[in-house]
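In: Based on what follows, work out the 3D shape:
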Amino acid sequence: FRCNTNPYPTIIFFLCKLISFFMNLTYKLFILFLLIPIYGISARSSFSKDRMQTPSIILSPNIMNGVNVLSQSMLKNENVIYVVQHDFDLQNNKITVPSNCTLDFQGGRFVNGELIGNHTRIMAGQSLIFKTITLSGTWNVENVYSTWFDFVTDDEKVDNSANFHNLSAMCSDTSQNNIYIKKGTYYAQIKNGKLIENVYPEGRCLIELKSNTQLFNDGTIMLTGCELQRYAILYMFEKESININGGVYIGDVDTHKGTKGEWGYGVFVRSSQDITINHVNISKCWGDGIVIGGLSHNQMHASTNIIIKNSIFDNNRRQGCSITYAKDVFIDNCVFKNTGMTYYTAPGAGIDLEPDRKTTANENIHITNCFFEQNKGFGIQVHGANKKINISSCQNQSSKNGGLLINMHYSDDDSYVNVSNCNLG
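Out: Numbering: from 1, shown residues only. Got it, this is the predicted structure:
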């Protein structure tokens, strides 16, 4: 028996399958190409499944009397991506972003008004997207750039304080925040951001740092003269996991208006934990370069696990560093100099370990590899309720009262100051 089989139908079948596969692939690529302008795929943002599943709305021009106006009616849908391809003027109005939306800036920007976030996200490069804008509400932005805002550098006549508040407003205690400040000198006058309202109602801050924040500062922040008795350039209260990396911070001791108060700080760490400060230069503050403490009055919570390293504290009026209620503090490879030499209020120490009260002792403080020079008071002053203080490999030169003062209040076994390998004469 012999069977003759024709192979051509089989070949044709596979050719048809192959043609069908390539046609289907071509169709999918064509659809993807059409979606690119809608979803804003570019070099700055990845094309993710989640993004594909989130509907997008391109904000169309809304010309009124020759001005492209952003009105509240244009932002009314929740859980969408609003694509900004044009410049929009808020005309000094308050506009609220609906809940859980993303603003995707693709060449456009918002100007003139207040924008109220509602768990709002931002997608943008590093170019200007906000001009004369005040931010408030809640935001969820991982990377925040100073170049997004209309900061003006190297001009002492321009007050940049509003935009420093905007940097703070973009951050959240519940998410990771990275703040990037570009090189340049930023002049600012502290006047808006409040310190602990029920304790220091008159106090103000320039930048309030939220939990889980990394600040990368390549610039110089320079205060212009104010009348405040109490202020902080960088401020944190009941926060955790904050890293301050770099930056020059100059207070207003040369231009301060009035003579009252002694509590103008470069950095104010209050009742916070897991804080690292690295490569900063803080000078000319009306009070202290840095203060680490707990909340005063009715409730006391020590700041814990604070690291200060590779930094300079120069020519601050009252102290280079005050530690008033803290545990597990590590200060390494820092310079404290000229405290109180331009303007002075006591004690004028490089570092002062001086708790607010007997019941709030400092504990487990390590000062290593530090240099103290020409402070009007002591290089290091240990006064009052302190436990487990370790000072090693430190040097003092020409501090007026000497390198070290110890005046302890406790007498138990943990109340000691251990000094090793130092020259604090």
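In: these two touch, right, Ala124 and Gly108?
Out: No: using CB atoms under 8 Å, Ala124 is not in contact with Gly108; the gap is 9.9 Å. All C-beta spots, glycine's among them, are computed from the backbone N, C-alpha and C.
In: Tell me which of those two has more neighbours.
Out: In terms of neighbours (other CB atoms under 10 Å), Ala124 is the more surrounded of Ala124 and Gly108; the figures are 23 against 19.
In: Next up, the contacts around that one.
Out: Neighbouring residues of Ala124 by CB atoms under 8 Å, 6 or more residues apart in numbering: Arg44, Leu103, Asp104, Phe105, Trp148.
In: Could you report the separation of it from Phe130?
Out: The gap separating Ala124 from Phe130 is 10 Å, by CB to CB, to the nearest Å.
In: what residues do these two have in common as contacts?
Out: Trp148.
In: What are the boundaries of the helices in the stretch 101-250 of the chain?
Out: 161-169 (DSSP state H, counting those that start in this stretch).
In: where in it is pLDDT low?
Out: For the stretch 101-250 of the chain, the stretches with pLDDT under 70 are 196-201.
In: can you rerun that using 80?
Out: 192-202 (pLDDT under 80).
In: That one: strands as residue ranges?
Out: 102-105, 109-123, 130-139, 143-145, 177-181, 185-188, 193-194, 204-208, 213-217, 220-223, 230-237, 240-245, 248-250 (DSSP state E, counting those that start in this stretch).
In: Give me whichever of those strands is most buried.
Out: strand 230-237 (a mean of 26; mean count of other CB atoms under 10 Å).
In: quick one: that one to helix 161-169, angle?
Out: Here strand 230-237 points in a direction 20 degrees away from that of helix 161-169 (axes from the mean of the first three to the mean of the last three CA atoms, to 10 degrees).
In: Tell me what angle strand 230-237 forms with strand 240-245.
Out: On the basis of the same axes, to 10 degrees, strand 230-237 is oriented at 120 degrees to strand 240-245.
In: pull the CA atoms of strand 230-237 into PDB?
Out: Taking C-alpha atoms only, strand 230-237 is exported to PDB below (Å, rounded to 0.1, in the frame of the first residue of the first chain):
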ATOM      1  CA  ARG A 230      12.600  82.400  68.700                       C
ATOM      2  CA  TYR A 231      13.100  80.800  65.300                       C
ATOM      3  CA  ALA A 232      14.600  77.800  63.400                       C
ATOM      4  CA  ILE A 233      15.900  77.500  59.900                       C
ATOM      5  CA  LEU A 234      15.300  73.800  59.900                       C
ATOM      6  CA  TYR A 235      12.800  72.400  62.400                       C
ATOM      7  CA  MET A 236      11.500  69.000  63.400                       C
ATOM      8  CA  PHE A 237       9.100  68.100  66.200                       C
END
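In: partners of it, with directions?
Out: strand 204-208 (parallel), strand 263-270 (parallel) (DSSP bridges).
In: got a list of contacts for it?
Out: By CB under 8 Å, 6+ apart, the residues outside strand 230-237 that reach it are 190, 193, 195-196, 200, 202-209, 215, 221, 223, 242, 244, 249, 251, 261, 263-272, 275, 282, 285-287, 295.
In: was I right about Arg121 contacting Leu103?
Out: Yes: in this structure, Arg121 is within contact of Leu103 by CB under 8 Å, at 7.3 Å.
In: Lys194 versus Ile116, what's the distance?
Out: For Ile116, the distance to Lys194 - CB to CB - is 19 Å.
In: Could you check how far Gly66 is from Phe237?
Out: With CB to CB as the criterion, Gly66 and Phe237 are 46 Å apart.
In: no wait, Phe268
Out: Relative to Phe237, and taking CB to CB, Phe268 is found at 8 Å.
In: Identify the contacts common to the two.
Out: In contact with both Phe268 and Phe237: Leu195, using CB under 8 Å, 6+ apart.
In: Ser398: how many residues sit nearby?
Out: 11.
In: Same check on Ile380?
Out: Quick note: Ile380 (other CB under 10 Å) scores 32 neighbours.
In: shouldn't it be in contact with Leu405?
Out: Yes: the criterion here is CB under 8 Å, and Ile380 meets it with Leu405 at 7.4 Å.
In: hey, what's in contact with both of these two?
Out: If you check Ile380 and Leu405 against CB under 8 Å, 6+ apart, the residues they both contact are Ala349.
In: what's near enough to touch the residue nearest to Leu404 when sequence neighbours are not counted?
Out: Computed as CB to CB, 6 or more residues apart in numbering, the closest residue to Leu404 that is not its neighbour in sequence is Leu424, at 4.4 Å. Shown in contact with Leu424 (CB under 8 Å, 6+ apart): Phe372, Gly379, Ile380, Ile391, Cys394, Gln395, Asn396, Gly402, Gly403, Leu404.
In: hmm, back to that, out of the contacts of Ala124, the closest to Asn140 would be?
Out: Leu103 (11.4 Å; CB to CB).
In: Now do the buried residues in stretch 302-315.
Out: By 16 or more other CB atoms under 10 Å, the buried positions in stretch 302-315 come out as 302-309, 311-315.
In: In strands only, show me those residues.
Out: When the buried residues of stretch 302-315 are checked against strands (DSSP state E), the matches are Ser303, Thr304, Asn305, Ile306, Ile307, Ile308, Lys309, Ile312, Phe313, Asp314.
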